[in-house]
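Enquirer: Need the 3D shape of this:
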Amino acid sequence: MGHACFSFYIAPPTADMSDFIEYLHEVFAGFGQITTRRMFGAHGIYRDGLMFGLYAQGRLYLKTDAHNRAKFTDQGCQAFGFVQRGKQVQLSYWSAPDVMLDDRELAAVWAQSAYDAALRAQEAKDRHASAPPWRKK
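Expert: Numbering: from 1, shown residues only. Below is the predicted model of the structure:
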């Protein structure tokens with residue numbers, strides 16, 4: 001059995017949220033310098049201007065794609081989702097394993113995996129943007 005993923009609120013949505021966001025700088029110190037930015041009641045977590053994490057609804061989520069999603073599902077992690085106009089929307093961010101918060105080396109490994117997924121998504125977006133108009137579908 002793997003490590004459990006966040007299934008509870010880490011910090012209440014009050015001033016304590018700011019403390020947790022600051023704490024994430026320590027958690028990811030082994031991964032490199034991060035920045036955070038408020039967005040729609042959540043916080044995006046960035047490295048070199050690229051978003052690889054999300055703190056929303058009291059949970060930490062990391063970027064996933066076809067290359068690293070199995071790592072998250074193996075740990076019992078869950079996709080970030082919300083309801084918009086009566087429909088369920090799922091993003092490519094999955095809850096992070098709770099053990100990450102206590103192990104900086106492990107946090108760096110998970111963060112790198114999420115950052116790599118974000119890089120792949122950005123590269124695909126850039127390729128699509130530079131494609132001729134008749135190939136954009």
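
Enquirer: need the helices for this protein, in chain order.
Expert: 15-27, 69-74, 104-130 (DSSP state H).

Enquirer: so which of these comes closest to residue 59?
Expert: Closest approach to residue 59 among the helices of the chain is made by helix 15-27 (10.4 Å; Cβ to Cβ). Placement of C-beta: from N, CA and C, glycine included.

Enquirer: What residues sit buried inside the closest one?
Expert: 17, 20-21, 24, 27 (16 or more other Cβ atoms under 10 Å).

Enquirer: Counting by contacts, list what that helix packs against.
Expert: strand 35-39, strand 42-47, strand 50-56, helix 104-130 (3 or more Cβ pairs under 8 Å, 6 or more residues apart in numbering; DSSP states H and E).

Enquirer: Would you reformat the ones you listed as JSON lines and include mean pLDDT, mean neighbour count and distance to residue 76?
Expert: Formatted as JSON lines, those follow (pLDDT from 0 to 100; neighbours: other Cβ atoms under 10 Å; distance: least, Cβ to Cβ, whole Å):
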{"stretch": "strand 35-39", "mean pLDDT": "93", "mean neighbour count": "13", "distance to residue 76": "26"}
{"stretch": "strand 42-47", "mean pLDDT": "95", "mean neighbour count": "20", "distance to residue 76": "21"}
{"stretch": "strand 50-56", "mean pLDDT": "96", "mean neighbour count": "21", "distance to residue 76": "19"}
{"stretch": "helix 104-130", "mean pLDDT": "90", "mean neighbour count": "16", "distance to residue 76": "14"}
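
Enquirer: JSON lines please, covering the ones you listed and showing distance to residue 82.
Expert: Listed next are those as JSON lines, based on distance: least, Cβ to Cβ, whole Å:
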{"stretch": "strand 35-39", "distance to residue 82": "13"}
{"stretch": "strand 42-47", "distance to residue 82": "10"}
{"stretch": "strand 50-56", "distance to residue 82": "8"}
{"stretch": "helix 104-130", "distance to residue 82": "19"}
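
Enquirer: Thanks a lot, catch you later.
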